[in-house]
Every structure is written in structure tokens, then in C-alpha cells.
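Novice: any chance you could fold what I've pasted below:
(one chain, ligands or ions: 1)
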Amino acid sequence: MSEKRVIVAIDGPAGAGKSTLAKRVAEKLGFVYINTGAIYRAVALWALRLGVALNDMHRLEQLAKEARVAFGPPDERVFLNGEDVTDAIREVRVSEAASKVSAVPGVRRALLALQRGMAEKSSVVMEGRDIGTVVFPHAQVKIFLDADPRERARRRALELRQDGKPLDDLTLASELTRRDERDRQRKEAPLVQAPDAELVDSTGLSLEEVEQAVLRLVRSRISNGKAAAS
Ligand code: DC
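Specialist: From the prediction side, this is the model:
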């Protein structure tokens, strides 16, 4: 058995708790945590700032090719062309724009190599919508994290309140539903559970319970930092 980088892919809809979970699992395993939604958000933010129409596929593809998106210390900050955009990309208008921008095939193509490159040097926990299906179809561990839509809206509301950007429940629920439908129905790399992904429904489970379930799964697939034969 050769020593190999391990890829833990966590996909699922918005508000399922992917980021919190992926971050904690990465920390426990000593892997690098990568939030791919932040990459699409950074490109969307750039498009909004430049006033690029969100249906201008050609310009959006160009932006995705030119954008320098990087994660860096401290605390997994997100940088776009050298600027720290960690807070700016969390705005609701950016969520909506990211979902639109990510449906453009050329944008997805442009960002694929970037995402794959981020896992070249170390084992990673990578979260998004198409990690187990498109970015790393051979990931050793694939999780599809889901939760009841009402629970997902409740968690998002809490997150936004903590960020000091509260949103009323109705607006939030409709934003999540619209975004999920778009992410699930797009032609290119739609949000779908990979056939070999483990479904984890986090409704009614504490973060600790979900984390333990995922860690058990990861450990059953790898041993001593070496990937088990897959
Ligand atoms: O994970 P998030 O909610 O921050 O992602 C924002 C948007 O980016 C999401 O609505 C769809 C898109 N996205 C994607 O298409 N593929 C990914 N791997 C990650 C995010």
C-alpha cells in the first residue's frame, strides 16, 4: 500500500452545515480545509464589482480564468487578487450571484484546475457541490451532507445573525430554495449525490454527532494516514 494523499469530499445543499463540519473534520485529521464555494463567491464578487452581467458567459469565463483566488492564514481567509474578501463574499447578493455564475460551463472549467491544484500537495477536506462527482470522482471518502430545508434555513439565519447580517425568515428561506433549485438543475456539474457517496442527514443531530459519524467513516477508509485500497 503506497502512501497517498487523502481526499475527503463533502457535498450538499446550502445550509446543510458543510463548512462547520468540514473545518472541524480537517482540524481533527490534520488535513487542509478547502471551501470551494468561496472560490465561486470570489469570482461572483468580482463580476458584481465590475458590473459584468451575470448572463454574460464569455466575460464571466474570462474573469474566472484571470481571478487569483487563494486561501491563507490567518483563519482561512479568502483572497481575491491579493485582497482579503472573506467578509465581502458572505453577503446575500454574492450568494445569489455565485449560484448564477457557477452555472456557466466556462467558469466551472476555469476553476476546476485551481481546485485540483489545491489538493496536490496535501490531504484535504474539500466541500462544495460537485467535489465527489466532478472535481475528485476518485476521492477516498465521499459524504453527501443533507438536512431538512427548514432546518437548513434556521441554521443559515443563525449564521447570518452571528455575522451581524440578519435576514427575515421568509427572505432567507426563498433565497435558499432558489439557490438550491438552480444548483441542482443546472446542466454542468449539478448538485447531486455521487452514487458512491455516503448520505449523512444532519437534521436533529448535533454537530458533534455528525462529526463523529464522518470521522468514523474517514477512519474506516484510511489507516495511519495511508489511503486504503479503493
Ligand atoms: O457553498 P456556498 O453556499 O458558499 O456556495 C456558493 C455557490 O457556489 C452555490 O450556490 C453554488 C456554487 N458552488 C458550486 O457550484 N460548486 C461548488 N463546488 C461550490 C459552490
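Novice: show me the contacts for the spatially most central residue of the chain.
Specialist: When CA atoms, centre = their mean is applied to the chain, the residue found nearest the centroid is G128 (2.6 Å). By CB atoms under 8 Å, 6 or more residues apart in numbering, the contact set of G128 is 10-11, 18, 35-37, 115, 135. In this view, the C-beta of every residue, glycine as well, is placed from N, C-alpha and C.
Novice: name the residues linked to it by a beta bridge.
Specialist: For G128, the beta-bridge partners are D11 (DSSP bridges).
Novice: now it: how far from the ligand?
Specialist: G128 sits 2 Å away from the ligand, going by CB to the nearest ligand atom, to the nearest Å.
Novice: ditto for L60
Specialist: As judged by CB to the nearest ligand atom, L60 and the ligand stand 13 Å apart.
Novice: for whatever helix or strand that residue lives in, buried residues please.
Specialist: For L60, the host element (DSSP states H and E) is helix 57-66. Going by neighbour count (16 or more other CB atoms under 10 Å), the buried part of helix 57-66 is 59-61, 63-64.
Novice: helices and strands around that helix, which ones?
Specialist: helix 36-50, helix 105-118 (3 or more CB pairs under 8 Å, 6 or more residues apart in numbering; DSSP states H and E).
Novice: so for the ligand, which of those sits nearest?
Specialist: helix 36-50 (2.4 Å; CB to the nearest ligand atom).
Novice: could you list the buried residues of that closest one?
Specialist: So, applying 16+ other CB under 10 Å, buried residues of helix 36-50: 36-48.
Novice: distance to L158 and pLDDT added to these, as TSV?
Specialist: Converted to TSV, the buried residues of helix 36-50 look like this (distance: CB to CB, whole Å; pLDDT from 0 to 100):
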residue	distance to L158	pLDDT
T36	23	98
G37	18	98
A38	19	98
I39	24	98
Y40	23	98
R41	19	98
A42	24	98
V43	27	98
A44	23	98
L45	23	98
W46	28	98
A47	28	98
L48	25	98
